[in-house]
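Asker: No sequence on hand, only this structure:
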């Protein structure tokens, strides 16, 4: 048996962008997502860190929520958890 630690899965935005757009458009057409304006997808991910306490210290690492970002014409920013849109990519 191989006792090497499992390498973390690398997900590249360019590899899943079309899947994300397809899923977003599907949810919009089904009425599950509604935007009051035209939105564009930001090319890349945002990792939102989860902190158990607030302090003046800058924290590196820890649990995070990988997200995608949509930006509306008004400047409104919409965040979506990647796992909620494409859960199978984490399998």
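Answerer: On my side now, so go ahead. All values reported here derive from a predicted model rather than from experimental measurement.
Asker: Report the strands that pair with the lowest-mean-pLDDT helix or strand in the chain, each with its relative direction.
Answerer: Here the helix or strand of the chain ranked lowest by mean pLDDT, DSSP states H and E is strand 46-49, holding a mean of 90. Strand partners for strand 46-49, identified by DSSP bridges, are recorded as strand 64-72 (antiparallel).
Asker: Return the distance of the least confident helix or strand of the chain from the chain's centre.
Answerer: 8 Å (C-alpha atoms, centre = their mean, to the nearest Å).
Asker: Against which helices or strands is whatever helix or strand residue 28 lives in packed?
Answerer: Here residue 28 sits within helix 13-29, counting by DSSP states H and E. With contacts defined as 3 or more C-beta pairs under 8 Å, 6 or more residues apart in numbering; DSSP states H and E, the packing partners of helix 13-29 are strand 39-41, helix 82-85. C-betas here are computed from N, CA, C, even on glycine.
Asker: For the shortest one, give the mean pLDDT please.
Answerer: Spelled out, that is strand 39-41. Across strand 39-41, the average pLDDT comes to 95.
Asker: what sits up against it?
Answerer: Strand 39-41 is contacted from outside by 17, 20, 21, 24, 68, 69, 70, 71, 72, 73, 78, using C-beta atoms under 8 Å, 6 or more residues apart in numbering.
Asker: repeat that with 6 Å
Answerer: Contacts to strand 39-41, defined as C-beta atoms under 6 Å, 6 or more residues apart in numbering, come from residues 70, 71, 72.
Asker: tell me which residues in that strand are buried?
Answerer: 39, 41 (16 or more other C-beta atoms under 10 Å).
Asker: average pLDDT for stretch 51-61?
Answerer: 80.
Asker: Check the offset of that stretch from the chain's centre.
Answerer: Counting by C-alpha atoms, centre = their mean, stretch 51-61 comes out at 21 Å from the chain centroid.
Asker: re the thing from before, can you put the contacts of strand 39-41 in CSV and add distance to residue 4?
Answerer: Formatted as CSV, the contacts of strand 39-41 follow (distance: C-beta to C-beta, whole Å):
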residue, distance to residue 4
70, 39
71, 41
72, 45
